[in-house]
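A.B. asks: give the three-dimensional model of this entry:
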Amino acid sequence: MLNKKNKNTYTYRGGQLLWPVPASNRITSPFNEFRRVGKRSGYYHRGLDIGSSNFRRADPIVAAESGIVVTSQYRGGYGNVIVIDHGSLMTLYGHNSRLLVSEGQRVKRGQPYRVWET
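C.D. replies: Here you go, the predicted model:
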C-alpha cells in the first residue's frame with residue numbers, strides 16, 4: 001500500500017511482502033505511473049523506484065520474501081540485477097552495486113542480499 005504525501009512523494013505503509021529497504025520508505029516512482037515522452041506518447045512505469053537520499057553506504061537491502069535466486073548478474077539498463085522466485089511471484093531488484101547472493105541460492109525473508117553502494 002502506498003500513501004501519497006504530495007504530488008511527487010509516496011511512502012510505503014505495509015503489504016504482504018516485507019519492505020526491502022529498511023532504511024527508507026520513500027518511493028520516487030510508483031508502479032504504473034504514466035511517463036510522458038514528447039507531446040503525444042508515453043509509457044507506464046513497470047517498476048517501483050525507492051529513493052536513496054536517506055541511505056548510508058552500509059544499509060542492507062533485504063529479500064521481500066523467502067525464495068530462490070534465479071538471476072544474479074548484469075542486465076543492461078538495470079545494471080546488476082537480482083531476481084528471486086518466491087513460488088507464486090518473482091521480485092526483481094535492479095541497480096545493484098555489489099551482489100551478495102548467487103543463482104540457485106535460497107534466501108530467507110529479511111535476509112540481506114546486497115549492500116547499498118552508490
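
A.B. asks: keeping just the C-alphas, turn stretch 60-71 into PDB.
C.D. replies: Extracted C-alpha coordinates of stretch 60-71, given in PDB (Å, rounded to 0.1, in the frame of the first residue of the first chain):
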ATOM      1  CA  PRO A  60      21.300  -3.500   3.800                       C
ATOM      2  CA  ILE A  61      18.700  -4.300   1.100                       C
ATOM      3  CA  VAL A  62      16.700  -7.400   2.100                       C
ATOM      4  CA  ALA A  63      14.700 -10.100   0.400                       C
ATOM      5  CA  ALA A  64      11.000  -9.200   0.500                       C
ATOM      6  CA  GLU A  65      10.100 -12.900   0.900                       C
ATOM      7  CA  SER A  66      11.800 -16.300   1.100                       C
ATOM      8  CA  GLY A  67      12.700 -17.900  -2.200                       C
ATOM      9  CA  ILE A  68      15.400 -19.000  -4.700                       C
ATOM     10  CA  VAL A  69      17.700 -16.600  -6.600                       C
ATOM     11  CA  VAL A  70      17.100 -17.200 -10.300                       C
ATOM     12  CA  THR A  71      19.200 -14.300 -11.600                       C
END
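
A.B. asks: just checking, M90 touches V81?
C.D. replies: No - contact criterion C-beta atoms under 8 Å: M90 and V81 do not qualify, at 11.6 Å. All C-beta atoms are positioned from the backbone trio N, CA, C, and that covers glycine.

A.B. asks: these two: who's more crowded?
C.D. replies: A count of neighbours by other C-beta atoms under 10 Å puts V81 above the other of M90 and V81, at 18 against 13.

A.B. asks: list the buried residues in the helix or strand that contains the more buried one.
C.D. replies: Secondary structure assignment for V81, by DSSP states H and E: strand 80-85. In terms of neighbour count (16 or more other C-beta atoms under 10 Å), strand 80-85 has its buried residues at N80, V81, I82, V83, I84.
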